[in-house]
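Undergrad: structure of the sequence below:
(3 chains)
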Amino acid sequence: MPELPEVETSRRGIEPHLVGARIVHAIVRNERLRWPVSQEIISLSDQPVLSVQRRAKYLLLELPAGWIIIHLGMSGSLRVLPEALPPAKHDHVDLVMSTGKILRYTDPRRFGAWLWSRDLTASNVLAHLGPEPLSEAFSADYLFAKSRGRRTPVKPWLMDNKLVVGVGNIYASESLFVAGILPDRAAMALSYEEAALLVKTIKAVLLRSIEQGGTTLRDFLQTDGKPGYFAQELQVYGRGGEPCRVCGAPIESVKHAQRSTFFCPVCQK
DNA sequence: CCTAGACCCTGTACGC
DNA sequence: TGCGTACAGGGTCTAG
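TA: As a prediction, the model looks like this:
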């Protein structure tokens, strides 16, 4: 589910409820997520939250003794509840705050993670990640240089976290449509101008989606329970067989590494 | 190094 | 109504 815009939307939603408050304790109802929930989280007691940050698709809660690293996986979401309410089936983790509010983590598929790291620079999950797409490090020069010699189709290439983080299945298809580049083009076949356009487009698409609160397809919700509204602006994702919003040609789909890719065979070259 | 595939898990949509 | 199949926003691991 959550790509960078959805994780950033979650970060912005939870930050004002956490920073300045204390975690009284955590309630872990099911510790069997992508990896077992770290023992340090299970045994948390009375810790202030110093900051709420994001790296790639990971949320980072800064505590005095270390960091809670949260990943939403495919189906995870976070809600801020005004008070303790009875948990539903897939409500696996609560953080009980000193304000009485509850940060509740729901994740039907349990591909997400709740990990503890005393020192982020030593964190396995954060090591070897590529640049943030909205940072200056993700530039035309960078993307073009990285593309040289790469035969991989550009779509799955963009989803490689070592190249750039945060671009998942939705935004890879959407960005390539807006940039007018076919998803099957080999990365090494991009011209410098195309790489530059792609960088600019990825940033613009991600920023626009963040403005809209992300994309809700099925289970993603903003932390106040509202859906993300970028779904209404999707150009190609999930629209196989429907007319292109620009030229009217039927949107086509192909598979790359078991993931669906959508594109317009006329607008993209 | 690169690339493709299987796999983790549950829910939902669809064809019969 | 039921059953079997395919598919779903991510990431890791293995094999070639």
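Undergrad: give the burial count for the closest residue to DNA strand C within chain A, as a bare number.
TA: Among all residues of chain A, A:Gly168 sits closest to DNA strand C, at 1.9 Å; criterion: C-beta to the nearest atom of the strand. (C-beta placed from N, C-alpha, C; glycine too.) The number of residues packed around A:Gly168, counting by other C-beta atoms under 10 Å, is 22.
Undergrad: roughly how far does it sit from A:Asp46?
TA: Here A:Gly168 is placed at a distance of 36 Å from A:Asp46 (C-beta to C-beta, to the nearest Å).
Undergrad: who's in contact with the residue nearest to A:Val49 when sequence neighbours are not counted?
TA: Sequence neighbours aside, A:Leu18 is the residue nearest to A:Val49 in space, at 4.3 Å (criterion: C-beta to C-beta, 6 or more residues apart in numbering). Listed by C-beta atoms under 8 Å, 6 or more residues apart in numbering, the contact set of A:Leu18 reads A:49, A:52, A:61, A:95, A:97, A:103.
Undergrad: helix or strand: which one has the fourth one?
TA: This points to A:Leu95. strand A:91-97 (DSSP states H and E).
Undergrad: just checking: what are the partner strands of that strand?
TA: Each strand that pairs with strand A:91-97, with its direction, by DSSP bridges: strand A:22-28 (antiparallel), strand A:102-106 (antiparallel).
Undergrad: and those, which is most packed in?
TA: Scoring these by mean neighbour count under mean count of other C-beta atoms under 10 Å gives strand A:102-106 as the most buried, with a mean of 22.
Undergrad: helix or strand right after it?
TA: Along the chain past strand A:102-106, the next helix or strand (assigned with DSSP H and E) turns out to be strand A:113-117.
Undergrad: pLDDT of stretch A:62-81, averaged?
TA: Averaging pLDDT along stretch A:62-81 yields 96.
Undergrad: swap in stretch A:121-132?
TA: Model confidence over stretch A:121-132, given as mean pLDDT, is 90.
Undergrad: quick one: it near DNA strand B?
TA: No - residues of stretch A:121-132 contacting DNA strand B under C-beta under 7 Å from any atom of the strand: none, with a closest distance of 9.7 Å.
Undergrad: got a list of contacts for that stretch?
TA: Residues external to stretch A:121-132 that are found in contact with it (C-beta under 8 Å, 6+ apart): A:55-56, A:58, A:67, A:69, A:71, A:113, A:115, A:117, A:120, A:137-138, A:142, A:160-166.
Undergrad: got a list of what whichever residue of the stretch 101-250 of chain A sits closest to DNA strand B touches?
TA: For the stretch 101-250 of chain A and DNA strand B, the shortest gap (C-beta to the nearest atom of the strand) falls at A:Arg109, measuring 3.3 Å. Contact analysis of A:Arg109 by C-beta under 8 Å, 6+ apart lists A:73-75.
Undergrad: quick revisit: burial count for the nearest residue to the residue of chain A closest to DNA strand C once chain neighbours are set aside?
TA: Closest residue to A:Gly168 apart from its sequence neighbours, by C-beta to C-beta, 6+ apart: A:Glu3 at 3.7 Å. By other C-beta under 10 Å, the residues close to A:Glu3 number 23.
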